[in-house]
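Peer 1: Coordinates only, no sequence provided:
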């Protein structure tokens, strides 16, 4: 798991502060520090050649846990969920799953047994969305079905791959025949 932490950086993200502010914010959490940088953006700065250096706050992860002002700023800019995540990082609770791309999570989940997919969908909102996604069910259908015809792919785009997977083979053939008859008639 140590290879998932590049240069000791646990989180590095940037965003514009909520309206009406136009300030640009960067939050960086490492194994030892929390760094908060703010670039003040004002109409006066944009119209002139004045260059203002960013304001920087750098504190230890322990200090961040006791700094309610900095926590408030993180919450204001990035939201309550991100504040909770950063506090967890500072407490040593590393969630490496957030670092894995959704496409890779879908690919991994496609090799689970169906019962495990159903259980995984009950874990949290993210996994529920992942387990209901067309991408996951497309992988599952392609892995478990003998052949996936172009007609089957077109039908799956209309009704969804999950429904195609759970549809009886005879029902699927009947629906695809109906679909072909309708398209031939028009």
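Peer 2: Structure's in. What do you need? Fair warning: this is a prediction, and the values are worked out from it, not measured in the lab.
Peer 1: which residue lies farthest from the center of the chain?
Peer 2: Outermost residue of the chain with respect to the C-alpha centroid, by C-alpha atoms, centre = their mean, is residue 185; its distance is 43.3 Å.
Peer 1: Does residue 10 belong to a helix, a strand or coil?
Peer 2: Three-state assignment for residue 10 (DSSP: H, G, I helix; E, B strand; the rest coil): strand.
Peer 1: looking at it, it is touching residue 91, isn't it?
Peer 2: No. Counting by C-beta atoms under 8 Å, residue 10 does not reach residue 91; the two are 11.6 Å apart. Every residue, glycine included, has its C-beta placed from N, CA and C.
Peer 1: So these two - more neighbours on which side?
Peer 2: Neighbour tally, residue 10 and residue 91, criterion other C-beta atoms under 10 Å: the higher count belongs to residue 10, 22 against 11.
Peer 1: Contacts only, for that one.
Peer 2: 29-31, 89, 94 (C-beta atoms under 8 Å, 6 or more residues apart in numbering).
Peer 1: The residues you listed in helices, which ones?
Peer 2: Of the positions in these, residue 89 sit in helices, assigned by DSSP state H.
Peer 1: Quick one: mean pLDDT for stretch 72-84?
Peer 2: In this model, stretch 72-84 carries a mean pLDDT of 93.
Peer 1: swap that for stretch 175-186, sorry
Peer 2: pLDDT averaged over stretch 175-186 gives 79.
Peer 1: quick one: buried residues of stretch 76-87?
Peer 2: 77-78, 82-83, 85-86 (16 or more other C-beta atoms under 10 Å).
Peer 1: ok now that stretch, how far from the chain's centre?
Peer 2: 15 Å (C-alpha atoms, centre = their mean, to the nearest Å).
Peer 1: residue boundaries of the helices in the chain?
Peer 2: All helices of the chain, identified by DSSP H, fall at 43-47, 61-66, 68-78, 80-90, 102-109, 114-120, 125-131, 134-144, 150-159, 161-166, 169-185.
Peer 1: Out of those, flag the one nearest residue 18.
Peer 2: Proximity to residue 18, assessed across those by C-beta to C-beta, is greatest for helix 68-78 (6.7 Å).
Peer 1: separation between the nearest residue to residue 57 once chain neighbours are set aside and residue 84?
Peer 2: Leaving out its chain neighbours, the residue that sits closest to residue 57 by C-beta to C-beta, 6 or more residues apart in numbering is residue 36, at 4.4 Å. Look at residue 36 and residue 84: by C-beta to C-beta, to the nearest Å, they are 17 Å apart.
Peer 1: Which pLDDT value goes with the closest residue to residue 180 other than its chain neighbours?
Peer 2: Here the nearest residue to residue 180 in space, its sequence neighbours aside, is residue 151; by C-beta to C-beta, 6+ apart that works out to 6.8 Å. Residue 151 is assigned 83 on the pLDDT scale.
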